[in-house]
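J.: I'd like to go over a predicted model; first the sequence, then the structure.
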Amino acid sequence: MKIQIINGPNLNLLGKREPGVYGSMSFEEYLKELRGHYPDVQLDYYQSNVEGELINKIHEVGFDYDGIILNAGAYTHTSVALHDAIRAVKTPVIEVHISNVHKREEFRHKSMISSACMGVICGFGMASYRLAVEALKGDGC
Ligand code: DQA
């Protein structure tokens, strides 16, 4: 099984960025743990701060991977182009957020991409990504 994780803007700073909200672990450290959990799954990782590059990555993997786990960061709340990219591909996309966006500022309550995604997982810290892998594996409860 091949899963692509895509992180959007400012998520390259995980571990340093607002640790009270996002925790103190870098994504690279977390990814090592996640890969150790799922030796049978190919877990590829891509991060960009540039909206068009996120779209290009969705196009690149979106016809041949089994799933995409997308944390679009702040583009979640603004990007019609990401919504369209998700709709344009075959691979199911799961929207994830580390923080519970619904407990935060009102501008984070609206997602432009949720309606194009298979589902949404938010508010479980880094474990949001693992829960998304579980959902894509679809092994039941
Ligand atoms: C985030 C939530 C977004 O509102 C924010 O802009 C981020 C991170 C999260 O993972 O909690 O950059 O997607």
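T.: Arrived safely. Residues are numbered from 1 along each chain as shown.
J.: and the helix or strand of the chain with the lowest mean pLDDT, anywhere near the ligand?
T.: The weakest-scoring helix or strand in the chain, judged by mean pLDDT, DSSP states H and E, is helix 19-22 (a mean of 94). No - interface with the ligand: helix 19-22 contributes nothing (Cβ under 6 Å from any ligand atom), its closest point being 6.7 Å away. The C-beta positions use only the backbone N, C-alpha and C, and glycine is treated the same way.
J.: Restrict that helix to CA atoms and write it as CSV.
T.: The C-alpha trace of helix 19-22 is given here as CSV (Å, rounded to 0.1, in the frame of the first residue of the first chain):
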residue,chain,number,x,y,z
PRO,A,19,4.7,24.1,20.8
GLY,A,20,1.7,24.8,23.0
VAL,A,21,-0.6,24.2,20.0
TYR,A,22,1.4,21.8,17.8
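J.: residues in contact with whichever helix or strand comes after that helix?
T.: Heading C-terminal from helix 19-22, the first helix or strand you meet, by DSSP states H and E, is helix 27-37. Around helix 27-37, the neighbours that count as contacts under Cβ atoms under 8 Å, 6 or more residues apart in numbering are 5, 7, 11-12, 14-15, 43, 45, 47, 126, 129-130, 133.
J.: So which of those sit within helices?
T.: 129-130, 133 (DSSP state H).
J.: Around the ligand, pick out the residues from the chain.
T.: By Cβ under 6 Å from any ligand atom, the residues of the chain that approach the ligand are 10, 71, 73-74, 76, 97-99, 101, 108.
J.: Now list the buried members of those residues.
T.: Listed as buried from those are 71, 73, 76, 97-99, 101, 108; burial here means 16 or more other Cβ atoms under 10 Å.
J.: quick one: contacts for the residue lying closest to residue 15 once chain neighbours are set aside?
T.: Using Cβ to Cβ, 6 or more residues apart in numbering and skipping the chain neighbours, the partner closest in space to residue 15 is residue 26 (3.7 Å). Neighbour list for residue 26: 14-16 [criterion: Cβ under 8 Å, 6+ apart].
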